[in-house]
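*Asks:* Build me a model from this:
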Amino acid sequence: MFFKTFSFTMLGKVLAGVMTTAIVIVAQADELSLSKLANDTSLQWGPCPAFLGEACKIAVLHGDPAKPNSDVFFKVPGDYKIPLHWHNSAERMILVSGKMDVEYKGEQNTLLVPGSYAYGPPKKHHKAYCHKGEDCVLFIAFEKPIDAFEVK
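*Replies:* A predicted model of the protein is given here:
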């Protein structure tokens, strides 16, 4: 009797897990896909935090910046210095246009060119410089809500 009760109890738990997984997959399947170009005129460019300067702009591509897992385009003009700062979130980045030097505290400077991937650990101080010429547009995927804090 114990075996039958145990088997039915386990079977019920397994079926409940499968059904929950199926519901989550269906909910995710209802989400629409998305594709954007950095020069898309429908992008809504907004301001960066004030310490990054007025020329710095951000366009939200996906998600809510106040919640985990959002994606943005970050744009600055050529010959632009991005001051030393840090984020609570890790950053996963791909440079879309321009040429950008990025330097993390205690590490050597890295030159990003279009197509370059870069990973920035959470809370690690870093600065950047967009070379003269073309605007730098950087795709950034944040794991945590988006924030930025100046290092003085």
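*Asks:* Okay, and the beta partners of Ser97?
*Replies:* Beta-bridge partners for Ser97, by DSSP bridges, are Val137.
*Asks:* what's around it, how many residues?
*Replies:* 18 (other C-beta atoms under 10 Å). The C-beta positions use only the backbone N, C-alpha and C, and glycine is treated the same way.
*Asks:* so Leu138 touches Tyr80, yeah?
*Replies:* No: Leu138 is beyond contact range of Tyr80, at 11.8 Å (criterion: C-beta atoms under 8 Å).
*Asks:* what are the bridge partners for the closest residue to Asp64 other than its chain neighbours, then?
*Replies:* Of all residues not flanking Asp64 in the chain, Ser70 sits nearest, at 6.1 Å (C-beta to C-beta, 6 or more residues apart in numbering). Bridge pairing for Ser70 (DSSP bridges) gives the partners Phe142.
*Asks:* residues in contact with Leu111?
*Replies:* 99-101 (C-beta atoms under 8 Å, 6 or more residues apart in numbering).
*Asks:* Just want to check the distance between it and Tyr117.
*Replies:* 13 Å (C-beta to C-beta, to the nearest Å).
*Asks:* Which one's more surrounded, Leu138 and Tyr80?
*Replies:* Leu138 (26 against 20).
*Asks:* Now the more buried one. Nearest residue, chain neighbours left out?
*Replies:* Among residues not flanking Leu138 along the chain, Phe74 sits closest, at 4.5 Å (C-beta to C-beta, 6+ apart).
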